[in-house]
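In: give me the fold of what follows.
(chains A and B)
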Amino acid sequence: MLADKYAAEIASILARYPIKNSAVLPLCYLAQDEYGHLSIDHIQEVADIVAMPYTDVYEVVTFYSLLYDQPVGKWVLQVCDDNPCCFTGGEELVADLEERLGIPAGETTDDKLFTLQRVKCIGACHRAPVMQANLEFVYNLTADKVPGVLEDLIQQAQSGGTLSISGRFAEK
Amino acid sequence: METIRYENGYPGGPANGYGSEYPNPFLKEHVVLRNRDYPNIGQIDEYMRLGGYEVARKALTSMQPSAIIDEVKRAGLRGRGGAGFPTGVKWGFIPKDIFPKYLVCNADESEPGTFNNHEVIDYNPHQLIEGMIISGFAVGATTGYIYIRGEYAYGALVLERAIREAYDRGFLGKKLFGGDFEFDLYVHRGAGAYICGEETALLESLEGRIGQPRLKPPFPAVAGLYAKPTVINNVETLANVPMIIERGADWYRQFGTEKSPGTKAISISGHVKRPGNYEIPLGITMRQFIYDLAGGIRDGHELKFLIPGGASANWLINKPEHLDTPLTWDDLAAKGTMLGSGAVVVLDDSTCVVAASMKVDEFFKHESCGKCSPCREGTHFLVKVWERIEHGKGRPSDIPLLNELGKEMLGKCFCPLGESAVSPVASAIRYFSDEIRQHIELGRCPLGASHPMPHPSVAEGGTRTGAAAAPVR
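Out: Numbers count the residues shown, from 1 in each chain, chains lettered A, B, ... in the order given. The predicted model follows:
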């Protein structure tokens, strides 16, 4: 249970706010990293900690695009397809990743390693095409760099290091 | 103060990924992006070596809160998040006799094309924190939250580290600088919702609910976070405060114009040679910004149009009266557009107007919070029409239909998001109606541009077929 395993972290999160409800997003992030996604049981666990009705937490989970109520891969790859990225290589990057991973955007590979998503502006437009892998930026991701990046992500996943789809340990 | 290092006549540092290697002849000394002059200013020792946190000490030990507010008013500081509302006036709305009060930093920078707060957070976090201490003291807030968009996960860690350092040195917490004032500061990560940049939606989100805007009044100054008086300011607004208090309103007013004083960090992206952030004295022209700073349009192409203030802004096109517009709130408003969040997206003659419009409205549809029907349904229909034109199924009646939809949305949405979705409709039809008409008649892009694929979250059934769906030529 989160409440036992992360007692200190949860206490520190709750202490930031005068009401428990405010902790719902950070706790969803914590639960999502622990369990891989937010199922009914996981949402209930968060709801118990913040003393909110299950339905209210569920509403939050389905509203915010970085919270996943369905299973996702170890790496969630999010490619910006907004203006101006879509005119500076973003569309080609999505097509390239779809081909290499063998899945259309929005889906997860059979080995559960990658989920590929199209997303809207992620605030790095000057370094298009741009992608986030578990919310870590990969800038200027042109086709020639894609194989190396995927190889690196596979290695990180296989080496058993801590991966955070919520970006709680993101690096530059 | 330290003298500034000049390289080739300009202050310069190593490339930081935001375009710091590019010269900026319009500004000898940065006010907000001071990491350009002092690349290591993000480290607390370096920040303190440059006089950091001494301004907070001066403000908290020798100034009355009202004097700080007056100085910010005199400086004419206007909110950098988009609306341009005078910051000192906003602070003045806070009632004196209700406790506690809150200071919230809006770091939910999500307007497409905008990444200037991103650089401040990554490279100059202590100036933001010091700005929050001074601002908190000025309005009597004892707790601050930095609401940062979820995608800036690394930025959140930078801020958390910087806040911890500030606590360790006694700049945050109780009995600050030997006085009675206390100020606690926390980072709160959003989770991927553009609407949370709208200040009341942000407060809803911070209170643990979905990010839907509140009915105003009451305004946050009266009943904001936890129904208490709350000031919400943008990252750049708050980062300006230490410089204004240290050097005074007159110094600050050497930059910019009478009604738009100061500098503004503006992001530029798209088809320019040197995309990145540039801090400019307000009042230089769009032409100077695009051509002198960002190096102009990529070789072999001409400017077609630009989105000057984030996706919400009406477009400007390649004609002198647009390009010679000074970058100030009032001058851009006079041209029917806005300075907005400080983002210029430049698109050249290879860009399909229909595709660009579709992308803008896809964004607003994706980000519509669902609270009011003109926005929720309106953005849905706008995307639907743009998409069928884009994919060769446009109808002759679609241009009037887009106009009609826009008219039904304007003035009828609960918050500015839905209204913003009309900007590409209004702009594209105003400036490029012939191209749209051709697109409809030919059943394809007259420029031969490739089709961006629709976003799966907004795609109509059957338009998405997976890995084989390379861009259709």
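In: biggest helix in chain B by residues?
Out: helix B:423-442 (DSSP state H).
In: from the contact counts, what lies against that one?
Out: strand B:303-307, helix B:353-367, helix B:373-390, helix B:398-409 (3 or more Cβ pairs under 8 Å, 6 or more residues apart in numbering or on different chains; DSSP states H and E). Yep, even glycine has a C-beta here, placed from its N, CA and C like the rest.
In: hmm, 10 Å instead?
Out: Applying 3 or more Cβ pairs under 10 Å, 6 or more residues apart in numbering or on different chains; DSSP states H and E, one finds that helix B:423-442 makes contact with strand B:303-307, strand B:316-317, helix B:353-367, helix B:373-390, helix B:398-409.
In: show me the shaky parts of chain B.
Out: Residue ranges of chain B with pLDDT under 70: B:1-14, B:450-473.
In: quick one: the strands in it, in order.
Out: Assigned by DSSP state E, the strands in chain B fall at B:6-7, B:10-11, B:102-107, B:143-148, B:184-189, B:230-234, B:263-270, B:276-281, B:303-307, B:316-317, B:343-348.
In: any idea of the angle the last one forms with strand B:263-270?
Out: With axes from the mean of the first three to the mean of the last three Cα atoms, to 10 degrees as the basis, strand B:343-348 and strand B:263-270 are set at 30 degrees to each other.
In: how about strand B:343-348, does it reach chain A?
Out: Yes: using Cβ under 10 Å from any Cβ of the partner chain, strand B:343-348 reaches chain A at B:Ala343, B:Val345, B:Val346, B:Leu347, B:Asp348.
In: kindly indicate which of the residues you listed lies nearest B:Asp398.
Out: Among these, B:Leu347 lies closest to B:Asp398 (Cβ to Cβ), at 21.6 Å.
In: verify the contact between that closest one and B:Leu316 for me.
Out: No: counting by Cβ atoms under 10 Å, B:Leu347 stays clear of B:Leu316, with 11.1 Å between them.
In: so for those two, which residues contact both of them?
Out: B:Leu303, B:Phe305, B:Leu306, B:Ile307 (Cβ atoms under 10 Å, 6 or more residues apart in numbering or on different chains).
In: tabulate these (CSV), appending neighbour count and distance to B:Gly411.
Out: Shown next, in CSV, are the shared contacts of B:Leu347 and B:Leu316 (neighbours: other Cβ atoms under 10 Å in any protein chain shown; distance: Cβ to Cβ, whole Å):
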residue, neighbour count, distance to B:Gly411
B:Leu303, 23, 32
B:Phe305, 22, 25
B:Leu306, 27, 26
B:Ile307, 29, 22
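In: the residues you listed: which ones sit near chain A?
Out: B:Leu306, B:Ile307.
In: just the shared contacts of B:Leu347 and B:Leu316 now: which is nearest A:Phe63?
Out: Nearest to A:Phe63 among the shared contacts of B:Leu347 and B:Leu316, with distances taken as Cβ to Cβ, is B:Ile307, at 27.0 Å.
In: and the helices in the stretch 51-200 of chain B, which stretches?
Out: Secondary structure of the stretch 51-200 of chain B by DSSP state H, counting those that start in this stretch: the helices cover B:54-62, B:65-75, B:87-92, B:116-123, B:125-139, B:153-168, B:199-206.
In: circling back: and which of the residues of strand B:343-348 next to chain A is nearest chain A?
Out: Among the residues of strand B:343-348 next to chain A, B:Val345 lies closest to chain A (Cβ to the nearest Cβ), at 4.9 Å.
In: just list the residues touching that closest one, thanks.
Out: Residues near B:Val345 by Cβ under 10 Å, 6+ apart: A:82-85, A:87, A:121, A:125, B:112-114, B:267-272, B:275, B:305-311, B:313, B:315, B:356, B:360.
In: what does B:Ile232 give?
Out: Applying Cβ under 10 Å, 6+ apart, the residues contacting B:Ile232 are B:79, B:81, B:90, B:102-106, B:145, B:147, B:198-200, B:202-203, B:206, B:219-221, B:224-225.
In: let's see 7 Å
Out: Contacts for B:Ile232 (Cβ atoms under 7 Å, 6 or more residues apart in numbering or on different chains) come out as B:Val104, B:Asn106, B:Glu199, B:Leu202, B:Pro220.
In: and the first one, how close does it get to A:Pro18?
Out: This means B:Val104. Distance, B:Val104 to A:Pro18, using Cβ to Cβ, to the nearest Å: 14 Å.
In: give me the more crowded residue out of the two.
Out: Set B:Val104 next to A:Pro18 and count neighbours by other Cβ atoms under 10 Å in any protein chain shown: B:Val104 wins out with 24 against 13.
In: any idea how far the strand or helix carrying A:Thr55 is from the middle of the chain?
Out: Using DSSP states H and E, A:Thr55 maps to helix A:54-63. Relative to its chain's centre, helix A:54-63 lies at 17 Å (Cα atoms, centre = their mean, to the nearest Å).
In: on that earlier part again, just send the helices of the stretch 51-200 of chain B back as TSV, with distance to B:Leu215 and mean neighbour count too.
Out: Output for the helices of the stretch 51-200 of chain B, formatted as TSV (distance: least, Cβ to Cβ, whole Å; neighbours: other Cβ atoms under 10 Å in any protein chain shown):
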stretch	distance to B:Leu215	mean neighbour count
helix B:54-62	35	18
helix B:65-75	28	19
helix B:87-92	19	21
helix B:116-123	27	27
helix B:125-139	23	27
helix B:153-168	30	20
helix B:199-206	8	25
